[in-house]
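Peer 1: I'd like to go over a predicted model; first the sequence, then the structure.
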Amino acid sequence: MSTFPPSTVLGYPRIGPRRELKRALESYWSGRSTRADLDRAGAELRERTWRRLAELGLHGLPSNTFSLYDQVLDTAVLLGAVPERYRDAADPYFAMARGTEGLAPLRMTKWFDTNYHYIVPEIEPGTVFKLDASKVLGEVREARALGFETRPVIVGPVTFLLLGSALERLEDVLGCYEELLVALAAEGVAWVQLDEPALVGDRAPEELAAVRTAYERLGAVPSRPGLFVASYFGELGESLPVLAGTPVEAIGLDLVRGGLPAADLTGKIVVAGVVSGRDVWRTSPGRALSLLGALQAAQVVVSTSCSLLHVPYTLADEPELEAGLRGRLAFAEEKVAEVVALAEAHARGAAPGTPAGTSADGPVSGALLWDDDEPSVELSWDDEPSVALLPEPGPASAEAVKPAGERSPYPVRAAAQAEHLRLPPLPTTTIGSFPQTGELRAARAAVAAGTLSQADYERRVETEIERVIRLQERLGLDVLVHGEPERNDMVQYFAEHLDGFAVTRNGWVQSYGSRCTRPPILHGDVSRPEPITVRWARYAQSLTSQPVKGMLTGPVTIVAWSFVRDDLPLRDVVFQVADAIRQEVRDLEAAGVSIIQVDEPALRELLPLRRADQAAYLEWAVAAYRRATSGAGDRTQIHTHLCYSDADQILAAIDGLDADVTTIESARSGARILGAVSTFGRGLGPGVYDIHSPRVPSAEEVESLLRRTLAALPVERVWVNPDCGLKTRTYEEVEASLANVVTATRHLRTTLGA
Ligand SMILES: Nc1nc2c(c(=O)[nH]1)N[C@@H](CNc1ccc(C(=O)N[C@@H](CCC(=O)N[C@@H](CCC(=O)N[C@@H](CCC(=O)O)C(=O)O)C(=O)O)C(=O)O)cc1)CN2
Ligand code: MET
Ligand SMILES: [Zn+2]
């Protein structure tokens, strides 16, 4: 087996530094360009990435890290797991990802504990696996034509099947992987990377047995590339000795979140993830080199802890960042430079902390890595003892805040709210955002460019709020929203109005498909200099006699979707944000807003991957939410919103949030949540409209989902709403869909005799 290149990354961003892929995709989807145009845009992005990685001095270049939508969907296509109903679609790949006329898309859910979403493979007993290696081989050839030898990256068989809840199909799938290895060897590929992040979670004995079977079988393929199994997002734990006992030549370890391996890896190549792919902080060279030096292995390769998909492209595109902060940061390109510099230092046998100084061959090598040698503190959410030993966070300000938990019990509040709000049965509402129009986005860009005044911008926001209010009145919705037109994003907007955060101009990170966010950087103590949303809420309420919900993002979500300082326990940081939101809740209430929604869609996302750590997390996360919301009086109705399909796993914690009403994704996931909600003790709105798809649901479809909800919950507690906010949809889609939602609800009310 050949040696492994001394430095590599597990994966790379693919949306393009200026979101070129987003534009190419959306242009193709809207019919403004052809599939060939899209493919050309993809090829340009791949070429640019390989060239840049090589320029930065990286030795082991990955391929197949590009995807037009999602790497798990690509793997399903690779293995032939395309459900029958999509096969005749004009473009089956995007039909699975987004749905088409009359055809709902596949489910989509969060990739482990990240804000990236993957398409859930649909594997039925009748699924026939059949290899289609064209994309993988195509990228290898494409890179080779440019002069680059690459290592294809593919989701591994165990993770793929666990994501598709079909581990029993291991034998069938392994046949395809064996065939793939043979094809790659015939192509002259030296190494292949199989990603197995699922192995960092708790794995049952039969799952560990599947790991053994899989890698013994693949290891036994007579003529094959070297096998590199990559783990990330945590420590392998009990999977490590199993994997180490198979013939795989190289094992990737996340040494940012996990510790040095406990198993004997002296016969293996260790691909050491010492540069974090999950944060934007510079790597401490001292810590990284001592880890590298401590590894006992046949070869130590320097790498990232996971794919760099989760960080922005480059600091070079952020001229406005304050210099002091900037000096502490590294985005993808800078992280690649760190990997290269660490590999050089490690090869020279540098003692920890020795400046590299002389590595003058790369444009960003030495200086970036070494000129500030402050050891950075480890990620605090792995830091259990410090979490346990934390003192209670103090109040945000000297002004005495009421202690958490002082609202009356739910039945008392529910009665007070019913009296005050006088809503019909099955009240209809939406989740907050209405379509973000191109005009609004352009107006924000114009303010940033100095070509539109703040006052003119604010008038446009008001005009949009009025349009949204009138539309909802016309549609006949019961609880209105202002539509969030003033927000670029539900997290970034709050970060821009709180002290302690920095935001980027081009720091885009893919969230799903063509959708991206610019995660703010939470680098200091958080506080709220002044009210954030009150003026918009007050304006919206002034336009109508219907109740308008105030709309806030919860503390866990603000932190989860930001890059967070690593010198404080995560819990402390979340409580700082909770105190700021608490002030906003009280100001909204004082302004006469009688329903306030505090979104917590990322509550599930930060749930630790190992069960042993989950209860402690849920306890403080729920406490932070209650701290943010419990300043409201009994008559004020607190809503929360979560949007992921496996909320059933933490339903008890969601109940613990003590919100009066919870709206939750359900339509996109075939209403599977309904099986678990009967014990839920408060108002609940399982979504009846999948907003991630451009499809308009019919009134019949909505009514049938509502009937299923009513079979699971008492009618007095049921709310009617979409799965999530409407910002990614067009007004045309939204009007038609919401009209059907209202029609279905009214029809159902008549059949209830209500
Ligand atoms: N942070 C976060 N995470 C989340 C969600 C979320 O809403 N926020 N929702 C869930 C699903 N994930 C999502 C992630 C992103 C988007 C989304 O719509 N993102 C927008 C960008 C939002 C944004 O920052 N918009 C800015 C910048 C918009 C822009 O593109 N401006 C143009 C210029 C304006 C123009 O002429 O069009 C440019 O920069 O080129 C604004 O509105 O101000 C997109 O990809 O299109 C939706 C859902 C889970 N995770
Ligand atoms: C990802 S959850 C989104 C909630 C937010 N209030 C919205 O409607 O956009
Ligand atoms: Zn949502």
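Peer 2: Here it is on my side, so go on. Ligands and ions are numbered 1, 2, ... in the order given.

Peer 1: Output the set of residues of the stretch 651-754 of the chain in proximity to ligand 3.
Peer 2: Contact residues (Cβ under 5 Å from the ion) of the stretch 651-754 of the chain with ligand 3: C724. The C-beta positions use only the backbone N, C-alpha and C, and glycine is treated the same way.

Peer 1: Give me the below-cutoff pLDDT ranges for the stretch 651-754 of the chain.
Peer 2: Applying pLDDT under 70 to the stretch 651-754 of the chain flags residues 754.

Peer 1: just the strands in it please.
Peer 2: 661-664, 683-686 (DSSP state E, counting those that start in this stretch).

Peer 1: Quick one: distance of the first one to the chain centre.
Peer 2: If you compare the mean C-alpha spot of strand 661-664 with that of the full chain, they lie 20 Å apart, counting by Cα atoms, centre = their mean, to the nearest Å.

Peer 1: Show me what it pairs with in its sheet, parallel or antiparallel.
Peer 2: When pairing is defined by DSSP bridges, strand 661-664 lines up against strand 637-642 (parallel), strand 683-686 (parallel).

Peer 1: mind giving me a markdown table with those strands and columns for mean neighbour count and distance to ligand 2?
Peer 2: What follows is the strands paired with strand 661-664, written out as a markdown table (neighbours: other Cβ atoms under 10 Å; distance: least, Cβ to the nearest ligand atom, whole Å):
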| stretch | mean neighbour count | distance to ligand 2 |
| --- | --- | --- |
| strand 637-642 | 25 | 5 |
| strand 683-686 | 25 | 13 |
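
Peer 1: can you put the strands of the stretch 651-754 of the chain in TSV and add distance to A628?
Peer 2: Formatted as TSV, the strands of the stretch 651-754 of the chain follow (distance: least, Cβ to Cβ, whole Å):
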stretch	distance to A628
strand 661-664	15
strand 683-686	19
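
Peer 1: Show me the one of those that comes nearest ligand 1.
Peer 2: Nearest to ligand 1 among the strands of the stretch 651-754 of the chain is strand 661-664 (13.4 Å), distances taken as Cβ to the nearest ligand atom.

Peer 1: what does that closest one rub up against?
Peer 2: With contact meaning Cβ atoms under 8 Å, 6 or more residues apart in numbering, strand 661-664 is reached by 429, 431, 637-643, 647, 654, 673, 680, 682-687, 719, 721, 723.

Peer 1: Output the strands paired with strand 661-664 in CSV; the columns should cover distance to G80.
Peer 2: Output for these, formatted as CSV (distance: least, Cβ to Cβ, whole Å):
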stretch, distance to G80
strand 637-642, 34
strand 683-686, 33
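
Peer 1: For the chain, name the helix or strand with the lowest mean pLDDT.
Peer 2: None of the helices or strands of the chain scores lower by mean pLDDT, DSSP states H and E than helix 384-388, at a mean of 28.

Peer 1: Where does the stretch 101-250 of the chain get nearest to ligand 2, residue-wise?
Peer 2: N115 (9.7 Å).

Peer 1: again with the stretch 601-750 of the chain
Peer 2: Among residues of the stretch 601-750 of the chain, the one nearest ligand 2 by Cβ to the nearest ligand atom turns out to be G725. It sits 2.1 Å away.

Peer 1: For burial, what's the neighbour tally of that residue?
Peer 2: 25 (other Cβ atoms under 10 Å).

Peer 1: check contacts around it.
Peer 2: Taking Cβ under 8 Å, 6+ apart as the test, what G725 contacts is T430, I431, G432, S433, E484, M490, I691.

Peer 1: who's in contact with the closest residue to ligand 3 within the stretch 651-754 of the chain?
Peer 2: Residue of the stretch 651-754 of the chain nearest ligand 3, by Cβ to the ion: C724 (3.2 Å). The contact partners of C724, taken as Cβ under 8 Å, 6+ apart, are I431, P601, H641, C643, E665, G687, I691, H692.

Peer 1: Type out the PyMOL command that picks the buried ones from those residues.
Peer 2: Applying 16 or more other Cβ atoms under 10 Å to the contacts of C724, the buried members can be selected in PyMOL as follows:
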select buried, resi 431+601+641+643+665+687+691+692
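
Peer 1: Please name the nearest non-neighbouring residue to the residue of the stretch 651-754 of the chain closest to ligand 3.
Peer 2: In space, and not counting its chain neighbours, C724 is closest to C643: 4.4 Å by Cβ to Cβ, 6 or more residues apart in numbering.

Peer 1: Could you verify my assumption that the one you found touches S666?
Peer 2: No - assessed by Cβ atoms under 8 Å, C643 is found out of contact with S666, at 9.5 Å.

Peer 1: Which SSE is immediately downstream of the least confident helix or strand of the chain?
Peer 2: Proceeding N to C from helix 384-388, the next assigned helix or strand is helix 410-421, under DSSP states H and E.

Peer 1: What parts of the chain come near ligand 3?
Peer 2: When proximity is defined as Cβ under 5 Å from the ion, the chain approaches ligand 3 at P601, C643, C724.

Peer 1: Name all residues that make contact with the closest residue to ligand 2 within the stretch 201-350 of the chain.
Peer 2: Ligand 2 sits closest to H310 of the stretch 201-350 of the chain, with a gap of 17.4 Å, by Cβ to the nearest ligand atom. When contacts are counted by Cβ under 8 Å, 6+ apart, H310 touches T114, N115, Y116, G277, R278, V509.

Peer 1: Show me which pair in the residues you listed is furthest apart.
Peer 2: Using Cβ to Cβ, the contacts of H310 span at most 13.4 Å, a distance reached by N115 and G277.

Peer 1: higher neighbour count, those two?
Peer 2: G277 (25 against 21).

Peer 1: Make sure that one is actually in contact with A330.
Peer 2: No - in this structure, G277 is not within contact of A330 by Cβ under 8 Å, at 10.8 Å.

Peer 1: Could you list which residues are in contact with E124?
Peer 2: Taking Cβ under 8 Å, 6+ apart as the test, what E124 contacts is P83.

Peer 1: ok, which stretches of the stretch 1-150 of the chain are strands?
Peer 2: Under the criterion DSSP E, counting those that start in this stretch, the stretch 1-150 of the chain carries strands at the ranges 61-63, 108-110, 117-119, 150-155.
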